[in-house]
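Colleague: have a look at this prediction, sequence included:
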Amino acid sequence: MTGRHRATSLTGGNASASVVRIGDTVRKPWLPTTDLTVAYMQALRNRGVDLPEPRARDELGRLVLEYVPGDLAMDRGPLDVALLRRVGALVRTIHDASAGLPVPDPWEVLLPVDRPNLLCHNDLAAWNLVIDGDRLVFIDWDGAGPSTRLWDLAYAAISFGHVFAGEDVGLAASRLVAFVDGYDADEQLRAALPSTMARRARAMHDLLHASHEAGREPWGSMYATGHGEHWQACAAFIARHEHAWLDAVLRAVTDWRTSRGQHRRCQHPDDAAHDGPPHRPTAPQRGHEGWSDHHRRTRG
């Protein structure tokens with residue numbers, strides 16, 4: 001109990017503990033990188049990005065954030081095309097607002113990539129997007145840090161395209177196109193995206209598997225409870241149908257130009273051509289990629 005408000009545990013996350021809601025705030029542990037994360041969030045807010053407001057530190061040393069009401073996108077299942085375009089545009093807004101911000105070194109992230117040149121959320125996924133009417137807000141920025149536009153976009157594309165094993169390839173491709181069109185990606189980024197999606201899914205599996213072998217938690221337990229199998233199947237599914245994703249996203253550029261007679265805007269200079277294969281993850285200190293700790297089910 002704090003003041004007039006009772007602390008309510010927020011459940012659903014797999015890698016963050018002791019997260020509670022108190023009134024219109026969320027309280028979560030202060031991590032070694034929280035100072036950097038808060039500075040990044042404040043910089044984005046100053047550049048017009050709508051995200052939870054950081055509100056300093058409470059008497060227990062926890063990070064205090066604005067509580068964002070609404071529903072998680074993941075609870076709606078695959079999003080419709082119009083909403084996917086809006087989400088893609090929001091991801092583009094975040095990336096463009098991040099461009100030019102300093103990329104501190106060292107800054108540990110869960111899944112590093114070669115030559116990081118852009119600060120990113122690193123977990124832009126349906127389990128971290130709150131929908132409140134017309135408001136779309138990404139939450140759970142704890143895993144933010146150095147990455148690249150392509151590596152961050154690939155993960156978001158998997159989640160919002162619902163490009164998961166067992167999905168209808170045609171429908172998944174249509175969702176992927178809507179998301180990528182909303183992002184307004186150029187040909188270079190589109191051409192690199194399908195293979196990077198497969199690498200990104202494989203990297204998530206490898207992290208969980210290595211954590212299971214080494215006894216690192218909570219990722220080891222997540223591997224054993226089905227997340228490892230999910231990402232292994234996901235990586236194989238994406239790779240198996242890579243040409244379908246590639247044809248769909250590249251054809252969309254041609255169709256758009258034919259119908260509008262215009263060129264899509266160019267990608268920011270931190271382009272996909274500079275992305276190399278990701279580093280093999282090593283004993284991460286933190287991170288919760290893939291599972292929200294902010295929403296949605298609560299208990300007293």
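Modeller: That came through fine.
Colleague: neighbours around the closest residue in space to Glu187 that isn't next to it in sequence, how many?
Modeller: Nearest residue to Glu187, sequence neighbours excluded (CB to CB, 6 or more residues apart in numbering): Val253, at 5.8 Å. To be clear about C-beta, it is placed using only N, CA and C from the backbone, and glycine gets the same treatment. Neighbour count of Val253, defined by other CB atoms under 10 Å: 19.
Colleague: element containing Val253, please.
Modeller: Assigned by DSSP states H and E, Val253 belongs to helix 242-260.
Colleague: just the element for Pro104, please.
Modeller: Using DSSP H and E, no helix or strand contains Pro104.
Colleague: any idea how far the closest residue in space to it that isn't next to it in sequence is from Thr196?
Modeller: Once flanking residues are discounted, Pro104 sits nearest to Leu36: 6.0 Å by CB to CB, 6+ apart. Here the criterion is CB to CB, to the nearest Å. By it, Leu36 lies 25 Å from Thr196.
Colleague: what do you get for Glu59?
Modeller: Glu59 sits 44 Å away from Thr196, going by CB to CB.
Colleague: ditto for Arg202
Modeller: From Arg202 to Thr196 the distance is 10 Å (CB to CB).
Colleague: in the stretch 51-200 of the chain, mark out all the strands, start to finish.
Modeller: Under the criterion DSSP state E, counting those that start in this stretch, the stretch 51-200 of the chain contains strands at 54-57, 63-66, 71-72, 118-120, 129-132, 135-138, 145-147.
Colleague: higher neighbour count, Glu59 and Thr196?
Modeller: Using other CB under 10 Å, the more surrounded residue of Glu59 and Thr196 is Thr196, with 24 against 6.
Colleague: C-alpha coordinates for stretch 204-214, CSV please?
Modeller: Output of stretch 204-214 as CSV, limited to C-alpha atoms (Å, rounded to 0.1, in the frame of the first residue of the first chain):
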residue,chain,number,x,y,z
MET,A,204,15.9,-15.8,-30.2
HIS,A,205,15.8,-19.6,-30.2
ASP,A,206,19.5,-19.8,-29.8
LEU,A,207,19.5,-17.4,-26.8
LEU,A,208,16.8,-19.5,-25.1
HIS,A,209,18.6,-22.8,-25.8
ALA,A,210,22.0,-21.5,-24.6
SER,A,211,20.3,-20.1,-21.5
HIS,A,212,18.7,-23.5,-20.8
GLU,A,213,22.0,-25.3,-21.2
ALA,A,214,23.7,-22.8,-18.9
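Colleague: pLDDT on that stretch, on average?
Modeller: The pLDDT scores in stretch 204-214 average 88.
Colleague: what's next to stretch 245-258, contact-wise?
Modeller: For stretch 245-258, the external contacting residues (CB atoms under 8 Å, 6 or more residues apart in numbering) are 163, 173-174, 176-177, 180-181, 185-187, 190-191, 193-194, 197, 238, 262-264.
Colleague: looking at these, which are in helices?
Modeller: 173-174, 176-177, 180-181, 187, 190-191, 193-194, 197, 238 (DSSP state H).
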